[in-house]
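*Asks:* Just the structure for this:
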Amino acid sequence: MAVSPPIQSPEPLRLPRGSVRGGIAVVVTATYGYLLILGTTVPTVVINAVVVVVAFYFGSHATAIPPRSPTAPPPPHRPRLVRALLLLGFLGLAGWFLWHNPTFSGIPLALTAVLEVLGGYVGGYAVSWLVHRRAHTSPVRKRLATFFRDATAFGALALTGYICYALATNQVSAFAGKAEDALSLVVTFYFGSRVIGH
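*Replies:* As a prediction, the model looks like this:
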């Protein structure tokens, strides 16, 4: 007996795939930027929402291409437009603050936190792309890509363990008061590197 293919549910509000997520991401990020430019305190919930948006749109699950069978539904929409808008928006905010105060201390802490997360993802993605882009062309390049993947995993595990231990035991670490920033960069760099390093 043949199994009929699963019936796909319609997209929410019958909009193109990813439209609702993209709309929420743009509204949350625009509110965040508006509050930063006004100079008011950005509520923690807004900062957390922006970090979730960055994690979704720049993290590995948002860009991973799952294996498909002939009867599988189409792969999820790759939200390039939303990613580009978010990246330009965050860079524009940083540029606006640097234009008014040309020192990095002029960038609000709420924006610095998000830029660290975004920078980790983009940095990990870029480095991984450079290593993996021609990994299939020769056995040596494939071994190099495998070594990079293993070294990145080992380094991320070791640094995460060390930083978390230092934070949990309230010890002075090698990062001298920047342990939270270092942890954010290590974690986001690794997740960004896994976008291509599957």
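*Asks:* show me where pLDDT drops low in the chain?
*Replies:* 1-7, 60-79, 172-177, 195-198 (pLDDT under 70).
*Asks:* so how far is Tyr121 from the residue most central in space within it?
*Replies:* In the chain, the residue lying closest to the centroid (C-alpha atoms, centre = their mean) is Phe58, at 3.4 Å. Phe58 sits 4 Å away from Tyr121, going by C-beta to C-beta, to the nearest Å. Any C-beta I mention is one placed from the backbone N, CA and C, and that applies to glycine too.
*Asks:* How about Gly106?
*Replies:* 24 Å.
*Asks:* Just the CA trace of stretch 157-173, in PDB.
*Replies:* Coordinates of each C-alpha in stretch 157-173 appear next as PDB, following Å, rounded to 0.1, in the frame of the first residue of the first chain:
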ATOM      1  CA  LEU A 157      35.100  23.400  24.600                       C
ATOM      2  CA  ALA A 158      38.300  24.200  26.500                       C
ATOM      3  CA  LEU A 159      37.700  28.000  26.600                       C
ATOM      4  CA  THR A 160      34.000  27.600  27.400                       C
ATOM      5  CA  GLY A 161      34.800  25.200  30.300                       C
ATOM      6  CA  TYR A 162      37.600  27.500  31.600                       C
ATOM      7  CA  ILE A 163      35.500  30.700  31.500                       C
ATOM      8  CA  CYS A 164      32.400  29.000  33.000                       C
ATOM      9  CA  TYR A 165      34.500  27.500  35.800                       C
ATOM     10  CA  ALA A 166      36.100  31.000  36.500                       C
ATOM     11  CA  LEU A 167      32.600  32.600  36.500                       C
ATOM     12  CA  ALA A 168      31.100  29.900  38.700                       C
ATOM     13  CA  THR A 169      33.900  29.900  41.300                       C
ATOM     14  CA  ASN A 170      34.300  33.700  41.100                       C
ATOM     15  CA  GLN A 171      38.000  33.400  40.300                       C
ATOM     16  CA  VAL A 172      40.100  35.900  38.400                       C
ATOM     17  CA  SER A 173      40.600  34.500  34.900                       C
END
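*Asks:* Tell me the residues that contact both of Phe58 and Tyr121, please.
*Replies:* Gly192 (C-beta atoms under 8 Å, 6 or more residues apart in numbering).
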